[in-house]
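1. I need the structure of the sequence given here:
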Amino acid sequence: MIIVPVKEGENIERALKKFKRKFEKTGVVKELRARQQFDKPSVLKRLKMERAIYVQQLRDAEE
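-> This next block holds a predicted model:
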């Protein structure tokens, strides 16, 4: 269960933003979307490799 302590006088919008950030970090929505359809292991491996290449290119461009 996600708990967001709200300080005295703190804006409810800020507390809601904190809650959304914590919820996003748990990865619940991401996992639900992934479970809606089955992806073959070979497809997952290919996507993981493509993402790794993309991230590596970004890091190389940064240097």
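
2. from the chain's centre, how far out does the biggest helix by length in the chain sit?
-> If you go by DSSP state H, the chain has its longest helix at helix 41-62. Its chain's C-alpha centre and that of helix 41-62 lie 17 Å apart, by CA atoms, centre = their mean, to the nearest Å.

3. now swap in stretch 32-52 and tell me
-> That offset, for stretch 32-52, works out to 15 Å (CA atoms, centre = their mean).

4. on that earlier part again, buried set for the longest helix of the chain?
-> Residues of helix 41-62 classed as buried: none (neighbour count, 16 or more other CB atoms under 10 Å). C-beta here means a position set from N, CA and C on the backbone, and glycine is covered the same way.

5. so for it, what's the average pLDDT?
-> Here helix 41-62 scores 97 as its mean pLDDT.

6. report how many residues lie close to residue 15.
-> Using other CB atoms under 10 Å, residue 15 is surrounded by 14 other residues.

7. which strand or helix spans it?
-> helix 12-26 (DSSP states H and E).
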